[in-house]
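> show me the folded form of this:
(one chain, ligands or ions: 1)
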Amino acid sequence: MKILLTNNDLNEALLGNSNIGFIPTMGSLHKGHISLIRKSLIQCNKTIVSIFVNPTQFNNKNDYIKYPRNIKSDLKILKKLNVNFIFIPIKNQIYNSKNPIKIQLLKKDKILCAKYRKGHFEGVIDVMTRLTKIVKPSKIYMGEKDFQQLILVKRFIEKNFKSKIVSCKTIRDKNKLALSSRNLLLKKNNLIKAGKIAQNLISFKKRFLKKIISKKVILTKKKELKKKFNLNIEYLEIRNKKNLQPSYKIKNSKIFIAYYLNKIRLIDNF
Ligand code: AMP
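Purely as a prediction, here's the structure:
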């Protein structure tokens, strides 16, 4: 396992390698990240994982400061997995004055998280562009846990680079809570609550598999969750899986939720 800290280190290490699998992460690795890495280890000649808490995708400075960082345990996990390369750049390796990029979302894409986290996906696409340019991977592994991110990054990267985005299923804990680095910021009672919310929406989806879900049904569900779990819900919406347009049936669609538990913002989709 080689640890690479600079773009030069990375260029040197990757020289002559083909079929590179890349897993971009912000660290605090969990079984969700591990599932992406395992897929790359199977499908690619070399696997590179990056750990970079990207400041430009945080619309809230405090959120960036509080974001969990656990580099020691990350390295332990990556070593055990036998990953070939780990890229841990400092900010000026990724962002320097020579390479400004201007990303603009289309109006139709300013929905779900893009509506509530101004500049977030612009920051994500920006950093993904920079990382893809340096790593030049054949495949980039990304999780359905961040479904809107997956759709937007796939569209942008596959249009501009040869790299293919490989989408990977959401990994959940035994209570159905989607694994997330941010879960480390939650107290035990809120972890339990978040699991119950996931279970609630999974059974809601099952109940409506073959029925139309009207706006009223969604609104009632939102009110019920708010009251039952004392939640601040940012959005609860059903949207088509391919184009993220509003939908009223489960077939080909997903239920998307974003909510706050004790000031920690969680997202999920079912
Ligand atoms: P992050 O470190 O949160 O930026 O995530 C890095 C990658 O791991 C992204 O493509 C995420 O969608 C993916 N990921 C995060 N959590 C999960 C999960 N529970 N299951 C599958 N993939 C995940």
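
> can you list the residues of the chain near the ligand?
Residues of the chain lying close to the ligand by C-beta under 6 Å from any ligand atom are 25-26, 32-33, 35-36, 142-143, 145-146, 168, 170-171, 178-181. Every residue, glycine included, has its C-beta placed from N, CA and C.

> residue of the stretch 51-200 of the chain with the smallest distance to the ligand?
Gly143 (2.2 Å; C-beta to the nearest ligand atom).

> what's across from that residue in the sheet?
Cys168 (DSSP bridges).

> that one touches Cys168, doesn't it?
Yes. If you go by C-beta atoms under 8 Å, Gly143 and Cys168 touch, sitting 5.2 Å apart.

> which members of the residues of the chain next to the ligand are positioned in helices?
In this view, the residues of the chain next to the ligand that belong to helices under DSSP state H are 32-33, 35-36.

> want to try CSV for the residues you listed, with neighbour count and pLDDT as columns?
Formatted as CSV, these follow (neighbours: other C-beta atoms under 10 Å; pLDDT from 0 to 100):
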residue, neighbour count, pLDDT
Gly32, 22, 98
His33, 26, 98
Ser35, 17, 98
Leu36, 26, 98
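
> nearest to Arg239, of the residues you listed?
Gly32 (21.7 Å; C-beta to C-beta).

> circling back: so what sits against both of Gly143 and Cys168?
Taking C-beta atoms under 8 Å, 6 or more residues apart in numbering as the contact criterion, the common neighbours of Gly143 and Cys168 are 35-36.

> residue ranges for the helices of the chain, please.
7-14, 31-43, 61-66, 71-81, 91-94, 112-116, 120-135, 147-160, 188-207, 215-229.

> ok, which of these comes nearest Leu266?
Between these, helix 188-207 lies closest to Leu266; by C-beta to C-beta that is 6.0 Å.

> give me the residues contacting the closest one.
Applying C-beta under 8 Å, 6+ apart, the set of residues contacting helix 188-207 is 172-173, 175-178, 183, 186, 221, 225, 228-229, 231, 250, 255, 257, 259, 261-262, 264, 266, 268, 270.

> buried ones among those residues?
Restricting those to buried positions leaves 172-173, 176-178, 183, 186, 221, 225, 229, 231, 250, 255, 257, 259, 261, 264, 266, 268, 270, with burial counted as 16 or more other C-beta atoms under 10 Å.

> on the pLDDT front, check Asn99 for me.
pLDDT, Asn99: 69.
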